[in-house]
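> Here is my input, please return the structure:
(chains A and B)
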Amino acid sequence: MTYRVGIDIGGTFTDFALLKGEDVILHKNLSTPEDRSVGVMEGLGALAAREGLSLGDFLGACEAIVHGTTVADNTLIEMNGALTGLITTEGFRDEIEYRRGFKEDIWDVRLEPPRQITPRRRRLTVPERILHDGTVHQPLDEEALREACRKLRLQNVEAVAISFLFSFVNPEHERRAKEIVTREIQNAYISASHEVLPRAPEYDRTSTTIVNAYVGPRVTAYLERLVTRLAEGGYRNQLMVMQASGGVMTKDYIDGAPIRVLASGPAGGVIGSAHCGKAKGHPNLLCVDMGGTSYDMSVVVAGEAPAEAGWNMHHRYLIGVPMVKVETLGAGGGSICHVNAGALEVGPKSAGSEPGPICYGRGGTRPTVTDALVMLGILSTDEGFAGGSFRLTRDGVDAAFQAVGDEMGYGAEDAAFDCWRVVNANMSQGVRRTTAGKGIDPKDLVMLAYGGNGPAFAAIQAEDLGITKVLVPKASPTFSALGTLVANPTIDEERSYIASAHALDLDRVRQLWHDLSERARRYFTAARFTPEQMRVNYQLNMRYPGQNFSLSFDFRADAKLGDLSFMDDGFGERAIALFNQRHMAEYNHIREHEVPEVSGVRLAAHVTTPSPRVTAGFTASAGAPVPAKHRRANLGQGFGETPVYLGRDLRPGMAVPSPAIIEETFTTIVVYPGWTARVDDAGDYELVKG
Amino acid sequence: MSFELNRKLAAPRDPLPTTATIDQVTADIIRGAFETVCFESATFLGRAASSPIINQSNERNAAIVDAHGRLAMGAVGTPHLTFVNQMETRWGLMNLDRYDWGPGDVFLANDPDHGGGHLPDYCVYGPVYDDKGELICIQTLQAHQGDTGGKDPGGFSLDATDVFTEGVIYPCLKLVHRGELRQDVFDFVVRNNRFATFAGDIAAMIGGVQHAVRMLDGLIGKWGAETVKAAINHSIEHTERRVREEVSRWPDGTYEATVLIDHDTAGTRDIKVHVACTIAGDQLTVDLAGTDDRPNLVGVWNTFANSRSYVMTQVVAAMDPTIVKNEGFFNAVDIVIPEGCIAQPPANKPAALGSFHPACEITEAVCLALSAVAPERSQPQLYKIGMPNAVIGFDDNGMMWMDQGVDCRSMDTSAVQGIDGWGSCPNALGSLILSEAEDAESRFPILNISREMTTDGGGAGQWRGSPGSLNVKQVLKPTTAMAWMVSADHPLRGMCGGDDAIPYTNHFEVGSPNERQVAHTAQDLLPEGAVIAYQHGGGAGFGPALLRDPEAVKEDVLDEYVSPEAARAKYGVVLTGSLADYTLAVDHAATEALRADMRAMAQAAE
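The predicted structure is shown next:
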């Protein structure tokens, strides 16, 4: 028997998904923030015990351990990364501070600046200049560079980002600078922009490189520790790490650009959703993940969650590497309900998990969304919550909502109901903003809801958006761990190349794709994959002249790595036709008389690895379900006695009519009026309107 | 096309008649939905447009105006555009029958004398009707166009003496009739523009409006027209109430400020903007009486609608940012602009450059006046740059290109009480994304040499203005460069005792025998290899510099925002150690003594 293990570390819990043949076994244990690898090893020990094996035998039988880590995100949240310096082209010291003019709030003149990773004293410049065509306009001044190193040494920097103009076209200066900095500043972590994000423009690349340098030492040290522990424990294969692009890759690859793990947590959930949706016949999904502090939204089209390398702002820094697009709204179970100048607002402040909502009984005093669900009877104070680990209390909840109601001029239950309405509206608007500009109408999608709080709101929100079907997988509370098992080893990289589609230098395009292919081949081979397993999408980024946003599309999908035989004299014309097709799909128009330009060459290489099987269909038949109890609840149409079903009582083939509440381990599903919940052959829920 | 028309356009409008009543939460939910429509509409435009000024710089705005012409809800984009669009649509609303309005129509307006801003700010809008045919609201989209078909590319003519010189004027032009594009009209509009990419922009604007109108149809269908109208009324009333509450917390009185512009484009000096903000209970009145009205001024005429907008941009900044931006602000605040002054010009005056100046001096003067009552929110929301250096040339195929100079830089980012100036620009401009060297150089024969902040380039203060940048670039082919310089004699003013920003300066052909400073305007042919250097003015300080925490000054010196000399001369801070070795320390005793001397000298001088 061989195993595959997916591990996702959250703030409170570390989730495990063990793939054993076609079976998936889920496990959770507490995270160990001091050294997260400890919690990982504990969980693996528990899984081994469950299989009746020693840890060594178990790890020896593991064909792959796949891991999603939040170390990079936490470093940025806590701003405790490496003391970082920047070396850049003379004249361009302050791009990172200008942020291309961007400010997060155009109305609030009291908006605080982002904490600087590289304050001006640690941003040093050297004379050098490469032009847009790669020619050297001014040679690298190595003496000036050594002087810059001396200044950074004096400031005890631990990491150095190097970002020169047009290094993505000609990296000669950056390479040389990296050699010199390596010698001059011993033990510093060095990050060169042409290696981290080889594309224009300079702010995007510099910001990404700086953050990479900042989080790099922590991420690599953590992964190193984990790899060592796993090896000591008996694991003999490479650790695979989840990337924000939705693919996984080896630690060696991640070491080259640790920033690729930033924001990878949500990506796992989206990849898991895509897999689940596709298997159940729903390739176009709106994925919503409502946890304690946030509401994450993403779109899956044709079974894919495309990674976009655009204006990805994370923790107030631009991260330009490809990421599965996940929009986040400050609307979670812990979001606080309050009155601002006569208007009832929910969030963005959150009670988090400590002290958490009032109903957690851990000292929370401000009413939250979870408290509103208690007031509305959707969540129960009777029995275990979050899998039985503790019980919710109503003590203090009524009084807190009464205080809100006093300001609004009505009672506590009305205040709780309005809190529910407002958070619903916020989420619906959030979804619309997520799909905005993408030519996607939410009503054409199926919603897939996960996270502890998602299923309590899913159907009502779906209704608001015109969506008529919602999937709630039984495993939804541990979806991110499952997602790491679904994700394929993937390398998705691009190189800048700007030229009119009528004046393409095909040799250059060929060379860029060749270089990208060789990089992918090297890492895949080291991970013991064979060339036959490697499949490639050759992609182009194109735009009409003057457009800022390029569109990516497959020029050749699912091809053999390194096989560029499709490149011929008709390449440019085919590129134009494919681009126009893509533009039409995205914007509903094309510009017949304009010749588009190529802005970049991209290669997405992957290897398909075994995924958990997802059962679909409704072949089972079962009798009518019987509610375990009734409780007074308000599901949007006033209070009434509402049947409550227990998830463990429900069988494939059963249909739960509305109104109803279904209590599952770690989550509660609401069947709003007009909806029906059906249990499919896998035991997953499908909520259907009508 | 008269002051009388302006009076009609600006007159207060009644709430919409409705049979529905609405609660606060439902009204907020509908408002949120409207805001999202605007967001989608603006996003659609931003992604589909082909001109960098829209898709890269984001100079666009979406808003919803109600059937009475009130700014209803949901404005996304640039504040300076947000508060104009209702005036342009009012002209159309006053002429519904004349222009044969109906469902599915889309219009274009840009007329400075019919409620518009300057000509380049095209407003495309579409009316929204309910199923009974009642007009409920209008979706508007505004975007700055790269050209207007006038005498000079870009629409900014330094010597224009009337608006006709600047381009083609559209008071209310129907582009789409009952859902069908009027191809002849569309082609005519496209023909009157120098840029090939314009057709894509205007198509994207039409598409963005139609997309929004469909969404609004859906919302009206869902909630019902009466409820939607009630929500609009509620939202506007709520904003007015909140604005009045803010004003009532300010002390009664009249607070005045005068700001001067160095000169108009013909060289007439010291153009005056005067603002008096009077607070009486919950009523704020902003009166521009005393503002320059010399009829022979050139290039410094700001349209009436724009002047109102630039006043409001600063009033909004002075208040709680969570107040919803809609007509409630205009209902709560009286704006008095004398007819015939540069903030309400006679008909047919040129309008393009007025959107820079005096528009921004109006904003600055409002900020100065309100700094007496709302110091914690007194950061001027403006751009003191006369005009970015626009560089224009022709490619090998004879097609024109223009680098509009919206480069990454730092300018005008003043401190507010408690926060040093930071970033590239004041918040109001924070959604405009600036051009990068690697993009520009791939497109234009330009070499960017430097764009770093200048040490001591920000106004000193208890909180420090962000230093302005020196943007230096070289033209690699012969090109035309246009410039209009201001804010050299009269730089951005400090607040509440803070120092002014440094002056703007601009040099052409730097390092050559022809090196010259642009004193007021330039429209020069530059030879290949010429270098131009624009020193931006930076932000002004807030509060007296001698009150700044000496440790913060030391940090500023380490970061080279402030020189060791200025630390001493402007801040009275005595440092020991070495900047080169990062060993600076504050000599607190010496600092106290120096500051005491400086205060005594200042008092003596007074």
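
> C-alpha from now on. contacts and neighbour counts both.
OK.

> May I ask which helix or strand encompasses whatever residue of chain B ends up closest to chain A?
When you check chain B against chain A by C-alpha to the nearest C-alpha, the closest residue turns out to be B:Ser450, at 3.8 Å. According to DSSP states H and E, B:Ser450 maps onto strand B:446-453.

> follow-up on the earlier one: in which helix or strand does the residue nearest to the residue of chain B closest to chain A when sequence neighbours are not counted reside?
Computed as C-alpha to C-alpha, 6 or more residues apart in numbering or on different chains, the closest residue to B:Ser450 that is not its neighbour in sequence is A:Gly91, at 3.8 Å. With elements delineated by DSSP H and E, A:Gly91 resides in a region that no helix or strand encompasses.

> Distance check, A:Gly91 against B:Asn448.
Counting by C-alpha to C-alpha, to the nearest Å, the separation of A:Gly91 from B:Asn448 is 9 Å.

> Correct me if wrong: the residue of chain B closest to chain A contacts B:Glu436.
No. Using C-alpha atoms under 8 Å, B:Ser450 is not in contact with B:Glu436, being 11.8 Å away.

> Mind checking the pLDDT average for the strand holding B:Ser450?
Along strand B:446-453, the predicted local confidence has a mean pLDDT of 97.

> Tell me the strands beside that strand, with direction?
Taking DSSP bridges as the criterion, strand B:446-453 pairs within the sheet with strand B:469-475 (antiparallel).

> The partner strand: how far from the chain's middle?
Remark: strand B:469-475 is offset 23 Å from the chain centroid, using C-alpha atoms, centre = their mean, to the nearest Å.

> By neighbour count, which bits of stretch B:173-186 are buried? Give me those.
Of all the residues in stretch B:173-186, those buried under the rule 16 or more other C-alpha atoms under 10 Å in any protein chain shown are B:173-177, B:181, B:186.

> quick one: which of these sit in helices?
Counted as lying in helices by DSSP state H, out of the buried residues of stretch B:173-186, are B:Phe186.

> how about the buried residues of stretch B:173-186 in TSV, adding distance to A:Ser552 and pLDDT?
Compiled in TSV, the buried residues of stretch B:173-186 are given as follows (distance: C-alpha to C-alpha, whole Å; pLDDT from 0 to 100):
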residue	distance to A:Ser552	pLDDT
B:Leu173	37	98
B:Lys174	36	98
B:Leu175	32	98
B:Val176	32	98
B:His177	35	98
B:Leu181	30	97
B:Phe186	30	97
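
> Export the strand holding B:Ser450 to PDB, keeping only CA atoms.
The C-alpha atoms that make up strand B:446-453 are tabulated as PDB, following Å, rounded to 0.1, in the frame of the first residue of the first chain:
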ATOM      1  CA  ILE B 446      12.500  57.900 -24.500                       C
ATOM      2  CA  LEU B 447      15.100  57.100 -21.900                       C
ATOM      3  CA  ASN B 448      14.100  57.600 -18.300                       C
ATOM      4  CA  ILE B 449      17.200  58.700 -16.400                       C
ATOM      5  CA  SER B 450      16.000  59.400 -12.900                       C
ATOM      6  CA  ARG B 451      12.800  59.800 -10.900                       C
ATOM      7  CA  GLU B 452      14.100  59.800  -7.300                       C
ATOM      8  CA  MET B 453      12.900  62.000  -4.500                       C
END
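
> how far away is whatever residue of chain A ends up closest to chain B from A:Glu413?
In chain A, the residue that lies nearest chain B is A:Gly91 (3.8 Å; C-alpha to the nearest C-alpha). Spatial separation of A:Gly91 from A:Glu413 under the definition C-alpha to C-alpha is 61 Å.

> Could you check which of the two has the larger neighbour count?
Counted by other C-alpha atoms under 10 Å in any protein chain shown, A:Gly91 and A:Glu413 do not tie: A:Gly91 has more neighbours, with 21 against 18.

> how about low-confidence regions in the stretch 51-200 of chain B?
B:52, B:55-56, B:74 (pLDDT under 70).

> What segments of it are strands?
B:60-66, B:71-76, B:106-109, B:121-129, B:135-144, B:173-177, B:180-181 (DSSP state E, counting those that start in this stretch).

> Could you do the stretch 301-450 of chain B as well?
Across the stretch 301-450 of chain B, reading from the start of the chain, the strands by DSSP E, counting those that start in this stretch fall at B:333-336, B:387-394, B:400-403, B:446-453.

> Could I get the contacting residues of A:Gly43?
If a contact means C-alpha atoms under 8 Å, 6 or more residues apart in numbering or on different chains, then A:Gly43 has A:14, A:16, A:27-29 as its contacts.

> circling back: and of the strands of the stretch 51-200 of chain B, who's closest to B:Arg191?
Shortest separation from B:Arg191 across the strands of the stretch 51-200 of chain B is recorded for strand B:173-177, at 14.0 Å, computed as C-alpha to C-alpha.

> Partner strands of the closest one, with direction?
With DSSP bridges as the test, strand B:173-177 is paired with strand B:106-109 (antiparallel), strand B:180-181 (antiparallel).

> ok, back up a step: read off the pLDDT value for the residue of chain A closest to chain B.
Per-residue pLDDT puts A:Gly91 at 98.

> I'd guessed it sits against B:Met453; true?
No. Taking C-alpha under 8 Å as the definition, A:Gly91 is not a contact partner of B:Met453, at 9.2 Å.

> ok, now which ones touch the closest residue to A:Glu304 other than its chain neighbours?
Ranked by C-alpha to C-alpha, 6+ apart and with sequence neighbours excluded, the top spatial neighbour of A:Glu304 is A:Ala274, at 6.2 Å. For A:Ala274, the set of contacting residues under the criterion of C-alpha under 8 Å, 6+ apart consists of A:283, A:285, A:300, A:303-305.

> And for B:Pro380?
Shown in contact with B:Pro380 (C-alpha under 8 Å, 6+ apart): B:314, B:363-364, B:367, B:414, B:426.

> B:Tyr582 now?
Taking C-alpha under 8 Å, 6+ apart as the test, what B:Tyr582 contacts is A:154-155, B:558.

> now swap in A:Arg100 and tell me
A:203, B:408-409, B:424, B:433-436.

> Filter those down to the buried ones.
Members of the contacts of A:Arg100 that pass the buried threshold by neighbour count (16+ other C-alpha under 10 Å) are listed as A:203, B:408-409, B:424, B:433-436.

> I'd like those laid out as JSON lines, including pLDDT and distance to B:His144.
Output for the buried ones among the contacts of A:Arg100, formatted as JSON lines (pLDDT from 0 to 100; distance: C-alpha to C-alpha, whole Å):
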{"residue": "A:Tyr203", "pLDDT": "96", "distance to B:His144": "24"}
{"residue": "B:Cys408", "pLDDT": "94", "distance to B:His144": "19"}
{"residue": "B:Arg409", "pLDDT": "95", "distance to B:His144": "20"}
{"residue": "B:Ser424", "pLDDT": "97", "distance to B:His144": "20"}
{"residue": "B:Ile433", "pLDDT": "86", "distance to B:His144": "14"}
{"residue": "B:Leu434", "pLDDT": "89", "distance to B:His144": "14"}
{"residue": "B:Ser435", "pLDDT": "85", "distance to B:His144": "16"}
{"residue": "B:Glu436", "pLDDT": "90", "distance to B:His144": "19"}
